[in-house]
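# compute the structure for the input listed below.
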Amino acid sequence: MVGAVECFLPSFSFQAMEEELSKEGFSLVQTENELRGKSFLVDRHCPDVIFFPHHLIDYLEALPIVKKKALVIQVGRYVNYASPKILRGRKMNC
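Now for the predicted structure:
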């Protein structure tokens, strides 16, 4: 099973976030099947929600974009792709 870490952008623009992540070697992918290595996926229904491969949790916590709270890790939000809920609305205002 593939898992993910869910994060959200409280007030940072998507373009700025994508530039910051690109500097760190991340690439944007289009489907959950591509989510591996240093990649991220944007929720297609709630564009301020971003998913990363679960194995990167410790690495993500050390990123400057996370430390300055421009990208916030949803603690305890481990998402299992076997669940169809992943790309549908959640408790956020999507």
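# show me what contacts the closest residue to G25 other than its chain neighbours?
Of all residues not flanking G25 in the chain, K38 sits nearest, at 5.0 Å (Cβ to Cβ, 6 or more residues apart in numbering). Bear in mind the C-beta positions are built from the backbone N, C-alpha and C, glycine included. With contact set as Cβ atoms under 8 Å, 6 or more residues apart in numbering, K38 has these partners: 24-27, 56.
# tell me how many other residues crowd F14.
F14 has 13 neighbouring residues, counting by other Cβ atoms under 10 Å.
# show me what the helix or strand hosting E18 is in contact with.
Following DSSP states H and E, the helix or strand that holds E18 is helix 14-23. When contacts are taken as Cβ under 8 Å, 6+ apart, the neighbours of helix 14-23 outside the stretch itself are 9, 28, 40, 42, 47-48, 50, 63-65, 70-71.
# do that again at 6 Å, thanks
Among residues not part of helix 14-23, those counted as contacts by Cβ atoms under 6 Å, 6 or more residues apart in numbering are 9, 65.
# pLDDT of it, averaged?
Helix 14-23 shows a mean pLDDT of 90.
# so after that helix, what's the next helix or strand?
Taking DSSP H and E as the definition, the helix or strand that follows helix 14-23 towards the C-terminus is strand 27-29.
# tell me the strands beside that next one, with direction?
Strand partners for strand 27-29, identified by DSSP bridges, are recorded as strand 39-42 (parallel).
# and the strand it pairs with, average pLDDT?
Strand 39-42 carries an average pLDDT of 93.
# pLDDT below threshold where in this protein?
1-3, 75-94 (pLDDT under 70).
# all strands of it, in order?
Assigned by DSSP state E, the strands in the chain fall at 3-8, 27-29, 39-42, 49-53, 72-80.
# strand partners of the fourth one, parallel vs antiparallel please.
Looking at strand 49-53 with DSSP bridges, its paired strands and their directions are strand 3-8 (antiparallel), strand 39-42 (antiparallel).
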